[in-house]
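Undergrad: Fold the following and give me the result.
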Amino acid sequence: MRRIEGVLRQGQLANALAAAQTLLAKVPENRDVLYLIAVAQRYLGRVADALRTLERFETLHPEYGRLFQERGHCYRDVGEPNAAIAAYQRAVDLNPALLASWQALAALYRATGQRQAEGAATAQAQTLARLPPPVLNASGLFAEGDVFGAEALVRGFLMSHGNHIEGMRLLARIGMQLEVLDDAEFLLESVLVLAPDYHAARYEYSIVLNQRHKYARALEEAERLVRLDPTDRAFQIARASAFVGLGNHEAAIQVYRNLAEQTPEAPDLHLSIGHALKTLGRQSQAIESYRRAAAVRPSFGDAYWSLANLKTYRFTDQEMSAMRAQAAGDVSLVDRYHLCFALGKALEDRAEYPESFRFYERGNALKRAESRYDPAQIERTARLNAGLCTREFFTARRGQGCDRADPIFIVGLPRAGSTLLEQILASHSKVEGTAELADIPRLVHRLNGRDQRGPSARYPAVLAELTPEQLNRCGENFIRDTQVYRTGLPHFIDKMPNNFRHIGLLQLILPNAKIIDARREPIACCFSNFKQLFASGQEFTYSFEDIARYYRCYVELMAHWDAVLPGKVLHVEYEEVVADLEGNVRRILEFCELEFEPACIDFYKTERSVRTASSEQVRQPIFKEGLEQWRHFEPYLEPLRKELGLLVVPAIGHGGSTA
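TA: Purely as a prediction, here's the structure:
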């Protein structure tokens with residue numbers, strides 16, 4: 001590519017085109033080669049050929065801004081201003097940092113007498129022209145998907161140029177993309193100190209606060225923006241997202257519906273309404289919203305997956321045909337894997353198990369391909385936890401931490417029955433369910449320092465350095481920060497499953513908290529995760545190898561906690577709860593030091609918001625048919641069985657409180 005670009009810059013257009021076409025035969029879908037061919041064809045005056053190349057290009061890479069900029073150049077060169085304007089506008093919609101497109105738009109608007117549009121395009125072009133070249137180039141790279149290239153460029157610029165507002169804001173957006181959210185939050189805070197009236201930065205600040213589960217502060221920022229401009233759709237959506245985080249789903253629905261009245265053809269709004277209605281248990285209305293989202297955008301994979309993820313919805317023949325057609329068509333990667341998971345569930349419900357598994361397998365492969373999940377990092381942290389957190393370690397710190405007994409942590413793997421246990425406990429008059437709270441992972445993130453994964457990551461070794469005052473403060477901060485989710489009952493549930501990795505930390509900062517391990521038969525649990533497309537997180541679930549490694553790590557670490565903190569964790573098997581509901585309810589309540597209440601047995605009658613994939617299932621009585629559902633796929637699960645090894649034998653004895 002570099003050689004061909006050099007030839008093109010030297011003006012050897014025909015040679016550059018021939019070399020690029022030869023390379024294309026080897027990499028027929030490569031974005032950069034197709035772009036270079038179109039550019040060379042236009043320079044040679046072969047505009048019709050260039051447009052045909054760009055047409056094929058669009059089917060493969062429809063979100064590439066420079067594609068549309070090149071199309072705009074083609075139409076401009078042949079004197080078609082309206083087509084050129086449309087192409088340039090699409091280009092800057094996808095990549096706002098395309099200076100050449102803004103300059104071309106300004107000239108075309110001027111030539112066609114569109115003075116207001118000319119002024120806006122000129123202003124944008126002037127703003128970009130004032131940016132230092134590294135920041136402008138990094139902005140373009142970021143918009144076109146080269147996140148790491150953009151990060152290197154803008155970080156290098158800031159190291160030598162200090163507090164450049166646009167550079168800091170861009171680095172914050174990169175941090176949000178890479179989920180380095182603490183850096184993003186700090187950068188945007190700094191930008192707003194330097195430029196408090198920079199509304200775009202404040203909007204992004206509200207988004208990153210929401211992503212960090214700091215919902216109350218996110219709402220404050222969003223409300224501030226809405227007061228400044230009540231008509232701005234993005235500000236209103238940020239406000240609604242904060243309402244959702246705080247559990248105020250009715251308020252969020254009202255915001256979404258007001259926006260949907262103004263823009264009824266916005267599929268994301270209907271999807272968000274559906275999610276909020278589902279959480280509140282209003283299933284029929286949620287279905288109507290999801291269907292509306294799919295009707296507005298037929299390729300919207302998330303709308304179909306959201307219907308499938310209700311677990312109780314059954315697709316019509318017409319919907320099945322539509323999903324198949326979309327999955328086989330030119331749709332984005334995200335839509336494609338959502339459609340695959342939806343078809344997997346739909347075909348499973350129709351007992352068409354071979355084809356169902358093929359779609360599950362394909363969806364997982366697509367999702368895993370875009371993941372940055374590193375199983376070795378999880379296993380390394382678990383080993384370090386086991387090495388540090390010994391009986392002697394905890395004995396030396398006895399009596400430290402916050403003595404509040406409010407929290408009940410439910411840990412384990414997703415799809416292991418944790419939502420059922422939460423619903424049972426939340427049916428008690430002294431317990432309220434909240435959500436999968438991010439407070440403990442956020443504390444771990446802060447303790448880890450800036451290097452979250454590398455050799456200089458500080459967690460869990462830093463636990464040995466924390467003073468009694470620091471441990472107490474961490475526990476008190478957890479109680480304080482979670483008040484926003486509570487209504488005043490004595491106890492509350494945090495069912496973040498991944499907290500099993502941090503039981504040592506929980507013991508240090510909240511020694512009187514209760515911890516329940518929701519466990520399920522290994523193959524059933526692992527395959528249930530394989531069938532589930534999670535909204536975020538749980539990146540270990542998209543291959544049999546990753547799932548099995550994670551499950552082994554979980555079992556080994558839980559055995560360690562049992563050895564060094566005997567009796568601290570109550571293990572509850574999903575299969576045993578199904579077989580003997582009342583006996584296990586009494587056992588759970590006794591462990592939590594709560595009196596028995598019949599409402600806990602009639603848990604499905606309790607009206608409350610439930611955010612997880614099991615939201616509809618826990619609103620029904622327990623049924624045993626689902627226990628062996630995985631056996632329909634047994635012919636395809638031998639690789640998973642091999643990865644799990646001896647763990648396919650249930651790890652917990654009947655009635656025991658430890659593994």
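Undergrad: Look at residue 488 and say how many residues are nearby.
TA: 7 (other Cβ atoms under 10 Å). In this view, the C-beta of every residue, glycine as well, is placed from N, C-alpha and C.
Undergrad: go on, residue 499?
TA: Residues lying near residue 499 (other Cβ under 10 Å) number 22.
Undergrad: For it, give its distance to residue 221.
TA: To residue 221, residue 499 is 28 Å away according to Cβ to Cβ, to the nearest Å.
Undergrad: Check residue 394 too.
TA: For residue 394, the distance to residue 221 - Cβ to Cβ - is 40 Å.
Undergrad: same thing with residue 160?
TA: When residue 160 is compared with residue 221 (using Cβ to Cβ), they lie 31 Å apart.
Undergrad: now do residue 545
TA: Taking Cβ to Cβ, one finds residue 545 at 42 Å from residue 221.
Undergrad: Give me the more crowded residue out of the two.
TA: The residue with more neighbours, out of residue 545 and residue 221, is residue 221; 25 against 14, by other Cβ under 10 Å.
Undergrad: Who's the closest spatial neighbour of that one, skipping the chain neighbours?
TA: Nearest residue to residue 221, sequence neighbours excluded (Cβ to Cβ, 6 or more residues apart in numbering): residue 206, at 3.8 Å.
Undergrad: tell me the contacts of the one you found?
TA: 218, 221, 222, 225, 238, 242 (Cβ atoms under 8 Å, 6 or more residues apart in numbering).
Undergrad: again, only this time at 10 Å
TA: Listed by Cβ atoms under 10 Å, 6 or more residues apart in numbering, the contact set of residue 206 reads 188, 214, 217-225, 234-235, 238-239, 241-242.
Undergrad: what sits against residue 446?
TA: Residue 446 neighbours (Cβ under 10 Å, 6+ apart): 182, 458, 459, 462, 474.
Undergrad: who does the host helix or strand of residue 518 pair up with?
TA: Residue 518 is part of strand 514-519, with elements assigned from DSSP states H and E. Under the criterion DSSP bridges, strand 514-519 sits next to strand 407-412 (parallel), strand 569-573 (parallel) in its sheet.
Undergrad: what's the next secondary structure element after that strand?
TA: Trace forward from strand 514-519 with DSSP H and E and the next one is helix 522-530.
Undergrad: Check which helices and strands that following helix sits against.
TA: helix 353-369, helix 544-564, helix 574-579, helix 638-644 (3 or more Cβ pairs under 10 Å, 6 or more residues apart in numbering; DSSP states H and E).
Undergrad: quick one: residue 206 and residue 222, what's the gap?
TA: 5 Å.
Undergrad: Quickly list what's touching both of those two.
TA: Looking at what touches both residue 206 and residue 222 (by Cβ under 10 Å, 6+ apart), the common residues are 234, 235, 238, 239, 241, 242.
Undergrad: CSV for the residues you listed, including secondary structure, neighbour count and pLDDT?
TA: Output for the shared contacts of residue 206 and residue 222, formatted as CSV (DSSP: H, G, I helix; E, B strand; the rest coil; neighbours: other Cβ atoms under 10 Å; pLDDT from 0 to 100):
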residue, secondary structure, neighbour count, pLDDT
234, helix, 16, 94
235, helix, 23, 96
238, helix, 27, 96
239, helix, 21, 97
241, helix, 22, 94
242, helix, 27, 95
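Undergrad: ok, these vs residue 263, which is closest?
TA: Nearest to residue 263, judged by Cβ to Cβ, of the shared contacts of residue 206 and residue 222 is residue 234 at 12.0 Å.
Undergrad: Setting aside sequence neighbours, what's the nearest residue to the closest one?
TA: Nearest to residue 234 is residue 203, by Cβ to Cβ, 6+ apart, at 6.1 Å.
Undergrad: next SSE after the helix or strand hosting the one you found?
TA: Element membership of residue 203, judged by DSSP H and E, is helix 199-211. Sequence-wise, the next helix or strand downstream of helix 199-211 (DSSP H and E) is helix 215-228.
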